[in-house]
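>>> Turn this into a model:
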Amino acid sequence: MSTDTKEIAEKKAVRSILISQPEPENSKSPFTTLAEKYKIQLDFQPFIQVEGVDNKEFRKQRIPILEHSAIIFTSRNAIIHFFRICDEMRITMPAEMKYFCKSEAIALYLQKFIQYRKRKVFFANGKHDEFVALLLKHKDGLRFLLPSSDVAKGLISDFMEENEFNFTSAVFYKTVACDLSHLENIFYDMIVFFSPSGLTSLFENFPNFKQNDTRIAAFGSSTAKGVKDSGMRLDIEAPTAKAPSMTMAIEQYIREVNK
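Model (predicted):
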């Protein structure tokens, strides 16, 4: 923590937090538990939303879906918009198509779109290292299609390029800013960000935003870099060795300032 950050923290305790994500379906999330423990006002508000590219826009990419023999899914959004485009283009997935999913939860979500038990579905445990190891194991003889967003981080595509996979990356959906105008005159002691896109949304909605005493928390190195690049002060960062989760990092900070 920098000297400037510590000086500001000592002046003002954290009494309200805005989480830039949708409210969890399960009311007992780690964030709500944290808020109850320290008697903090906690609000959830997504800063970004996903929109599918339309059929016309997808066709401009000139990607022959059925010339691929395997599809890579890293999120539910990828699954939803991949099969939406297939429906709009009247494309039926052949029974021999292989599906590679980053986690079991993503793989199980495929049941909404295919006859799961009759298809070749492979999945990892959600961790990047295990997923790329799974892809490497099946690299030879397959032509992969990687459905992604317009702001994909590129971890998987970078790995596949470095390891000379036969693959195509295609944009099936895009991330756009939510309307945050209702927050214009509402102020929080802390705002928590999980992606650079969330930061972009903040400044699209409020071009003259001034951080002042608001603490900024960022999850992930790319988000932290985005905070710094925007000229804001980064007060809390996760994951770290001492705080592998965002809630742990926030709690450590609150313990220091809410005395």
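
>>> which residues of this structure fall in strands?
16-19, 41-44, 48-52, 70-73, 98-101, 120-123, 144-149, 167-177, 190-193, 215-219, 236-238 (DSSP state E).

>>> quick one: strands adjacent to the first one?
Sheet pairing of strand 16-19 (DSSP bridges) gives strand 41-44 (parallel), strand 190-193 (parallel).

>>> what's that strand in contact with?
31, 35, 40-45, 183, 187-192, 250 (CB atoms under 8 Å, 6 or more residues apart in numbering). Where C-beta positions appear, they are placed from N, C-alpha and C, glycine not excepted.

>>> same question, stretch 24-40
Contacts of stretch 24-40 (CB under 8 Å, 6+ apart): 14-17, 19, 41-42, 44, 245, 247, 250-251, 254, 258.

>>> What subset of the residues you listed is buried?
Those of the contacts of stretch 24-40 that meet the buried threshold are 14, 16, 17, 19, 42, 44, 247, 250, 251, 254, by 16 or more other CB atoms under 10 Å.

>>> I'd guessed the first one sits against residue 256; true?
Yep, that's residue 14 we're talking about. No. Assessed by CB atoms under 8 Å, residue 14 is found out of contact with residue 256, at 9.9 Å.

>>> rewinding a little: so which of the buried ones among the contacts of stretch 24-40 would you say is closest to residue 132?
Comparing the buried ones among the contacts of stretch 24-40 against residue 132 with CB to CB places residue 247 closest, at 27.6 Å.

>>> Might you report the residue contacts of the closest one?
By CB under 8 Å, 6+ apart, the contact set of residue 247 is 30, 31, 33, 34.

>>> Nearest to residue 218, out of those residues: which one, please.
residue 31 (15.2 Å).

>>> neighbours around residue 73, how many?
24 (other CB atoms under 10 Å).

>>> now swap in residue 94 and tell me
The number of residues near residue 94, taken as other CB under 10 Å, comes to 9.

>>> OK, contacts around it?
residue 66.

>>> try it again with 10 Å
Residues counted as contacts of residue 94 (CB atoms under 10 Å, 6 or more residues apart in numbering) are 66, 69, 119.

>>> rewinding a little: would you reformat the buried ones among the contacts of stretch 24-40 as TSV and include distance to residue 221 and pLDDT?
Output for those, formatted as TSV (distance: CB to CB, whole Å; pLDDT from 0 to 100):
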residue	distance to residue 221	pLDDT
14	23	96
16	27	97
17	22	98
19	20	97
42	25	96
44	24	96
247	18	96
250	18	97
251	21	96
254	23	95
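
>>> which other residues reach stretch 75-84?
50-55, 58, 65, 71-73, 91, 93, 99, 101-103, 105-107, 109-110, 112-114, 145-149, 152, 170-175.

>>> Tell me the pLDDT of the closest residue to residue 228 other than its chain neighbours.
Distances taken as CB to CB, 6 or more residues apart in numbering place residue 234 nearest to residue 228, at 5.8 Å, with adjacent residues excluded. As summarised for this prediction, residue 234 has a pLDDT of 96.

>>> so residue 234 touches residue 221, yeah?
No. Residue 234 lies out of contact with residue 221 (CB atoms under 10 Å); the separation is 11.2 Å.
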